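Novice: I need the structure of the sequence given here:
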Amino acid sequence: MLPNLDLEYFQYLHFYRVPDDHKRGYEESFSPRLVSIGQLHHGKPHLQHMESYKLRFLDSYIKRMGCDFSLEALTTFAMKWINCKLPEDGRNISNDEFVKMMLLDGAVVVEVLLIRSDIRSIGMNKSLLVVMNLTNGIEEDLKHDMLLLENQLPLRFIEYLLSFLSEPITIYKLLLDNFNFGFAPIMASSNSFSTDFGCLSFVELLRRMITGIDKKIQCHGDYIQICCATQLLEAGVKFKGVKGHHFIKDIKFSNGELLMPPFIINNHTETLLRNIIAYEKCSKRNEYICSYVMLLHSLLDTVKDVDLLVEEGIIVNHFGRNEKVLELFNSFYTVKLEKYRSDDFYFHELCNALNTYSKSIWHQWKAKISKWKIILMRDYFSNPWTVISVIGAIILLLLTIAQTICSILSL
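Specialist: Take a look at the predicted model:
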């Protein structure tokens, strides 16, 4: 069934230009490296080399299409989008060129996503990769470009192109194959995420996949600073990576245990997080991802904090040394994030509970006793011979004390 190209969809379709103050110092995370997708970066000189290759992507896409393809419907969709809310510098393009751009860029997105598809019948023609000399590095650059807030096509248009494949596949399945950040599948049986979840672009759908939140939830208050992970551990807080189907919304603090779903850190993480945060700022949506980054920024003060979260399965590091993970989250300067809407911190109550728990003298003493027990078990009771030695030493000490007392009493 083809996605419905209704007029109501276009009333909410809005693509954003990231403010300069948000880009400053991190322009690489917001700028396409190789290919323009959509109108905002169309025609940029440093992206022109890829334009000739777009025709090869389109040819590959056409060869795998079924018999229901409708150029007329595609043109109708493109012409509706040209009247949508776009920054003024994204409108200088003729109608014919706009339709051509939509089809070429859409084919690039579909074909790049299919590179990693595990469905052989629609997997990308590997000979195309050879002809275009698309090495893994260039494939990574293409995926980087697809995560940019300013480099997007309407999600429903991509779903529309996918619907013509000889063996249709959902955009959700392709995003899971290509951008795995460790969070669980949501409603994988859905055929249209632009319709079912109101997602307008990749950035918005990926945000939905990470947070697990499908509707606006009232956030609880201002940002609250907490101790780093190792300090919380010393204060009695336990950390646990929750396996299974969990999202950011499932982060909880209960009975002295902070439960967090695993988050995979890889080469795309910084680009994704920065662009989702920019989306939340521009769209005035609840700042769920911004809140999550601020939470991790608070927890990660030294490499030892990263080591702890990696050990507990909360961070899965595919990025390199743990020092690089620390540098990544330190680069998300908390004050800069906080200044946007400090009253929209999703983890206000959780951080408040963590602070209350960690300041308790009783919990601090319990943590120290537990630490001493671990040291004793590790250093003195790790095998039967050390246990026998310790018991022998205790008996010898008791006998020595008894002998001393008897000697004193006999005087």
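Novice: who's in contact with the spatially closest residue to Glu140 that is not a sequence neighbour?
Specialist: Closest residue to Glu140 apart from its sequence neighbours, by CB to CB, 6 or more residues apart in numbering: Asn267 at 6.3 Å. From N, CA and C alone the C-beta is placed, and that goes for glycine too. By CB atoms under 8 Å, 6 or more residues apart in numbering, the contact set of Asn267 is Glu140, His318, Phe319.
Novice: does Asn267 belong to a helix, a strand or coil?
Specialist: Secondary structure assignment for Asn267 (DSSP: H, G, I helix; E, B strand; the rest coil): coil.
Novice: residue boundaries of the strands in this protein?
Specialist: Taking DSSP state E as the criterion, the chain carries its strands at 238-241, 252-254, 257-260, 263-265, 315-317.
Novice: let's have these in TSV, adding mean neighbour count.
Specialist: Compiled in TSV, the strands of the chain are given as follows (neighbours: other CB atoms under 10 Å):
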stretch	mean neighbour count
strand 238-241	16
strand 252-254	14
strand 257-260	19
strand 263-265	20
strand 315-317	20
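Novice: so where is the stretch 151-300 of the chain shaky, pLDDT-wise?
Specialist: 182-198, 213-220, 245-246 (pLDDT under 70).
Novice: how does it look with 50?
Specialist: Where the stretch 151-300 of the chain drops to pLDDT under 50, the residues are 187-192.
Novice: could you pull out the helices in it for me?
Specialist: 155-162, 171-178, 193-196, 202-211, 229-234, 269-283, 288-299 (DSSP state H, counting those that start in this stretch).
Novice: list the helices and strands the last one packs on?
Specialist: The contact analysis (3 or more CB pairs under 8 Å, 6 or more residues apart in numbering; DSSP states H and E) places helix 288-299 against helix 202-211, helix 269-283, helix 322-330, helix 334-338, helix 348-358.
Novice: quick check: the gap between the residue nearest to the spatial centre of the chain and Phe15.
Specialist: Central residue of the chain (CA atoms, centre = their mean): Phe181, 5.2 Å from the mean position. Plainly put, Phe181 is 23 Å away from Phe15 if you go by CB to CB, to the nearest Å.
Novice: do the same with Ile394
Specialist: 74 Å.
Novice: okay, these two: which has more neighbours?
Specialist: Neighbours were counted for Ile394 and for Phe15 using other CB atoms under 10 Å; Phe15 has more, 23 against 10.
Novice: my guess is that one contacts Gln152. True?
Specialist: Yes: between Phe15 and Gln152 there is a contact at 6.0 Å, judged by CB atoms under 8 Å.
Novice: any common contacting residues for these two?
Specialist: Common neighbours of Phe15 and Gln152 (CB under 8 Å, 6+ apart) are Gly38, Ser201.
Novice: return the set of buried residues in stretch 228-236.
Specialist: For stretch 228-236, a neighbour-count test (16 or more other CB atoms under 10 Å) marks Cys228, Ala229, Thr230, Leu232, Leu233, Ala235, Gly236 as buried.
Novice: before we move on, back to that, redo the helices and strands packed on helix 288-299 as TSV? Include mean neighbour count and distance to Leu113.
Specialist: Formatted as TSV, the helices and strands packed on helix 288-299 follow (neighbours: other CB atoms under 10 Å; distance: least, CB to CB, whole Å):
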stretch	mean neighbour count	distance to Leu113
helix 202-211	23	10
helix 269-283	22	15
helix 322-330	17	25
helix 334-338	14	30
helix 348-358	18	35
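Novice: returning to that earlier point: quick one: which of the contacts of Asn267 has the most company?
Specialist: Using other CB under 10 Å as the neighbour test, the contacts of Asn267 are led by Phe319, with 18 neighbours.
Novice: pull the contacting residues for the closest residue to it other than its chain neighbours.
Specialist: Distances taken as CB to CB, 6+ apart place Ile265 nearest to Phe319, at 4.5 Å, with adjacent residues excluded. Applying CB under 8 Å, 6+ apart to Ile265 gives the contacts Ile315, Val316, Asn317, His318, Phe319, Val325, Leu328.
Novice: from Tyr172, how far off is the residue lying closest to Tyr223 once chain neighbours are set aside?
Specialist: Among residues not flanking Tyr223 along the chain, Phe345 sits closest, at 4.4 Å (CB to CB, 6+ apart). Separation of Phe345 from Tyr172 (CB to CB): 29 Å.
Novice: what does Ser201 give?
Specialist: 14 Å.
Novice: swap in Met50?
Specialist: According to CB to CB, Met50 stands 26 Å off from Tyr172.
Novice: picking up where we left off before, now tabulate the buried residues of stretch 228-236 in CSV and tack on distance to Val109.
Specialist: As requested, the buried residues of stretch 228-236 are exported to CSV (distance: CB to CB, whole Å):
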residue, distance to Val109
Cys228, 40
Ala229, 38
Thr230, 43
Leu232, 42
Leu233, 44
Ala235, 48
Gly236, 49
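Novice: just the closest of the residues you listed to Ala353, please.
Specialist: Leu232 (11.5 Å; CB to CB).
Novice: nearest residue to that closest one in space, ignoring adjacent ones along the chain?
Specialist: Sequence neighbours aside, Ser358 is the residue nearest to Leu232 in space, at 5.5 Å (criterion: CB to CB, 6+ apart).
Novice: got it, and Ala278?
Specialist: The shortest distance from Ala278 to any non-neighbouring residue, by CB to CB, 6+ apart, is to Val18 (4.7 Å).
Novice: how about that neighbour, what does it touch?
Specialist: Counting by CB under 8 Å, 6+ apart, Val18 makes contact with Phe30, Leu149, Glu150, Asn275, Ala278, Cys282.
Novice: tally of neighbours for Gly212?
Specialist: Residues lying near Gly212 (other CB under 10 Å) number 17.
Novice: got TSV for the helices and strands packed on helix 288-299, with distance to Pro45 too?
Specialist: Shown next, in TSV, are these (distance: least, CB to CB, whole Å):
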stretch	distance to Pro45
helix 202-211	25
helix 269-283	22
helix 322-330	31
helix 334-338	31
helix 348-358	46
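Novice: out of those helices, flag the one nearest Tyr223.
Specialist: helix 334-338 (5.1 Å).
Novice: pLDDT on that closest one, on average?
Specialist: The pLDDT scores in helix 334-338 average 58.
Novice: re earlier: need the contacts of Asn267 in a markdown table with pLDDT and distance to Leu354, can you?
Specialist: What follows is those, written out as a markdown table (pLDDT from 0 to 100; distance: CB to CB, whole Å):
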| residue | pLDDT | distance to Leu354 |
| --- | --- | --- |
| Glu140 | 85 | 37 |
| His318 | 90 | 28 |
| Phe319 | 87 | 26 |
